[in-house]
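A.B. asks: I would like to see how this sequence folds:
(one chain, ligands or ions: 1)
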Amino acid sequence: MPENPRTTKTKSPSAADTPAAPVAGGICAIDSETVVATYDAAKEDAKSAKTSRAKVNLAELSHDELVEFLGTLGEPAFRAKQIEDWVRSKNVRSFDEMTNLSKTLRAKLSEAATLGGVTEVARQESVDGSRKYLVAFDDGTSVECVGMPHGDKLSTCVSTQAGCRMGCLFCATGQSGFTRNLTADEIYAQAAHIAQDFGRRITSVVLMGQGEPFANYDATLEAMREMNSPKGLGIGARHITVSTCGIIPGIRALSQEPEQFGLAVSLHSAVPETRNTLMPGVKKYSLKRLHDAMKNYTEKTRRRPTYEYAMIRGINDDDASLDALVDFCAGTLCHVNLIALNHLPGSKLEPSDPARLDAFVKRLSSVGVETTIRQSRGADIDAACGQLKQRKAAK
Ligand code: SF4
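C.D. replies: Numbering: from 1, shown residues only. Next up is the predicted model:
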């Protein structure tokens, strides 16, 4: 029996790790106390999601759980192996395709269970070959994910929550509220769907779509492990990167995990007031504390984290912002990814001029900070996360 990578359990960072005193005042849309409370609530949501549905999702069950479930239907344990083969290796979307099971058993299963996975609701395809998908789960909740081919490689971006509580000003998802955490299977199923649609192996994945992964830590780690497993998608751990807006307990917890997973932190400004305004969900974690946490992370893992920095005209692209960014990064092990902001319809925030991006690269590189300009893929197809979902909802 193949080992089910989902059986490896992780311990989520404790809310006790989070400081008690929130930062008061400011113009932010979400206050820090709300973030602490919702961080805990999100973990509870994740625990109950697996069991609260009317039907059991077979893709979420470990081998032992599947044997136990089949026992409740009066079926022998060996059926579990057959079903796992259909669900995990053959990725079938209906019980009728399980041709080595009797019709009676298939009927019993469709009464009591689902196969998990995703249903594609909408897609957009860019001239650069990128495909953005809106996919729905059994309960109708939908999220976005993206596949980006380049040469013989396939990069993907998947969501970890439906919606997000972090409220980042420049993000369509952050402006649309929170629905629920995704289960590990739902996170994994997005990547599996993209691989199947492109008909090729995924070479890298970033958990940078909708949601804050460290507000859904256990499910996120479980999904990453399954993507990494040869029994899952077989993606190398170094090519699986989790992206956080700077949840310090999550950064600390990731540094303790045995795998070589990558870490990206959305920085977007090293000026405290600007960052607090742009990213109200993490204003409780000061830049000083973030800097310390990243130092610990690099000392412990010896891995180079990435700082994501969306350049916004007149907000975080002036010389003072560049000075602050240099101070934050110089002398540390890191890579800075600059990207011109994806403009959202109706937003006053505009992308910086290319000359400012070049100026940032030049100065950061001059002090030894590895810096690249990330090209926005799929600029013609609602490149920013949350836009396809909003567009579909508006129809
Ligand atoms: S940028 Fe990420 S963390 Fe911020 S609101 Fe959007 S999805 Fe959430």
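
A.B. asks: Now for D327, how many residues are close by?
C.D. replies: The criterion is other Cβ atoms under 10 Å. On that basis, D327 has 13 neighbouring residues. In short, each C-beta sits where N, CA and C put it, glycine included.

A.B. asks: ok, now D323?
C.D. replies: Other residues near D323 number 13, with proximity taken as other Cβ under 10 Å.

A.B. asks: check contacts around the residue minimising distance to the centre of the chain.
C.D. replies: Nearest to the centroid of the C-alpha atoms of the chain, with distances taken as Cα atoms, centre = their mean, sits L207, at 2.9 Å. With contacts taken as Cβ atoms under 8 Å, 6 or more residues apart in numbering, L207 has the following neighbours: 157-160, 187, 213, 220, 223-224, 240-243.

A.B. asks: Compile the residues you listed into JSON lines and extend it with columns for secondary structure, neighbour count and pLDDT.
C.D. replies: Supplementary listing: the contacts of L207 in JSON lines, determined by DSSP: H, G, I helix; E, B strand; the rest coil; neighbours: other Cβ atoms under 10 Å; pLDDT from 0 to 100:
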{"residue": "C157", "secondary structure": "strand", "neighbour count": "25", "pLDDT": "96"}
{"residue": "V158", "secondary structure": "coil", "neighbour count": "33", "pLDDT": "97"}
{"residue": "S159", "secondary structure": "coil", "neighbour count": "28", "pLDDT": "97"}
{"residue": "T160", "secondary structure": "coil", "neighbour count": "29", "pLDDT": "98"}
{"residue": "I187", "secondary structure": "helix", "neighbour count": "30", "pLDDT": "96"}
{"residue": "P213", "secondary structure": "helix", "neighbour count": "28", "pLDDT": "98"}
{"residue": "T220", "secondary structure": "helix", "neighbour count": "30", "pLDDT": "98"}
{"residue": "A223", "secondary structure": "helix", "neighbour count": "31", "pLDDT": "96"}
{"residue": "M224", "secondary structure": "helix", "neighbour count": "31", "pLDDT": "98"}
{"residue": "I240", "secondary structure": "strand", "neighbour count": "23", "pLDDT": "98"}
{"residue": "T241", "secondary structure": "strand", "neighbour count": "19", "pLDDT": "98"}
{"residue": "V242", "secondary structure": "strand", "neighbour count": "24", "pLDDT": "98"}
{"residue": "S243", "secondary structure": "strand", "neighbour count": "20", "pLDDT": "97"}
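
A.B. asks: Run through the bridge partners of the residue nearest to the centre of the chain.
C.D. replies: V242 (DSSP bridges).

A.B. asks: By proximity to the ligand, which residue of the stretch 151-300 of the chain wins?
C.D. replies: Of all residues in the stretch 151-300 of the chain, G174 sits closest to the ligand, at 2.5 Å by Cβ to the nearest ligand atom.

A.B. asks: and the residue nearest to that residue when sequence neighbours are not counted, what does it touch?
C.D. replies: Using Cβ to Cβ, 6 or more residues apart in numbering and skipping residues adjacent in sequence, the residue nearest G174 is C168, 4.1 Å away. Applying Cβ under 8 Å, 6+ apart, one finds that C168 lies in contact with G174, C245, S266, H268, L278, M279, P280, G281.

A.B. asks: The third one - how many residues pack around it?
C.D. replies: Neighbour count for S266, taken as other Cβ under 10 Å: 24.

A.B. asks: likewise the fifth one?
C.D. replies: For L278, the count of nearby residues is 27 (other Cβ under 10 Å).

A.B. asks: my guess is R225 contacts P258, does it?
C.D. replies: No. With contacts counted by Cβ atoms under 8 Å, R225 stays clear of P258, the gap being 10.0 Å.

A.B. asks: Compare neighbour counts for those two and give me the winner.
C.D. replies: Remark: of R225 and P258, R225 carries more neighbours, 22 against 7, as counted by other Cβ under 10 Å.

A.B. asks: if we can go back for a sec, now the contacts of C168: which count as buried?
C.D. replies: The neighbour-count criterion (16 or more other Cβ atoms under 10 Å) marks G174, C245, S266, H268, L278, M279, P280, G281 among the contacts of C168 as buried.

A.B. asks: Narrow the residues you listed to those in helices?
C.D. replies: Helix and strand membership here follows DSSP state H; of those, those in helices are L278.

A.B. asks: quick check, nearest of the buried ones among the contacts of C168 to L341?
C.D. replies: Among the buried ones among the contacts of C168, H268 lies closest to L341 (Cβ to Cβ), at 9.3 Å.

A.B. asks: From R252, how far off is that closest one?
C.D. replies: Here the distance between H268 and R252 works out to 21 Å (Cβ to Cβ, to the nearest Å).

A.B. asks: tell me the contacts of A310?
C.D. replies: Contacts for A310 were tallied using Cβ under 8 Å, 6+ apart; they are F170, S266, H268, N316, I339, A340, L341, N342.

A.B. asks: I'd like those residues written out as a markdown table, with secondary structure and distance to the ligand added.
C.D. replies: Formatted as a markdown table, the contacts of A310 follow (DSSP: H, G, I helix; E, B strand; the rest coil; distance: Cβ to the nearest ligand atom, whole Å):
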| residue | secondary structure | distance to the ligand |
| --- | --- | --- |
| F170 | coil | 7 |
| S266 | strand | 6 |
| H268 | coil | 9 |
| N316 | coil | 14 |
| I339 | strand | 12 |
| A340 | strand | 16 |
| L341 | coil | 11 |
| N342 | coil | 11 |
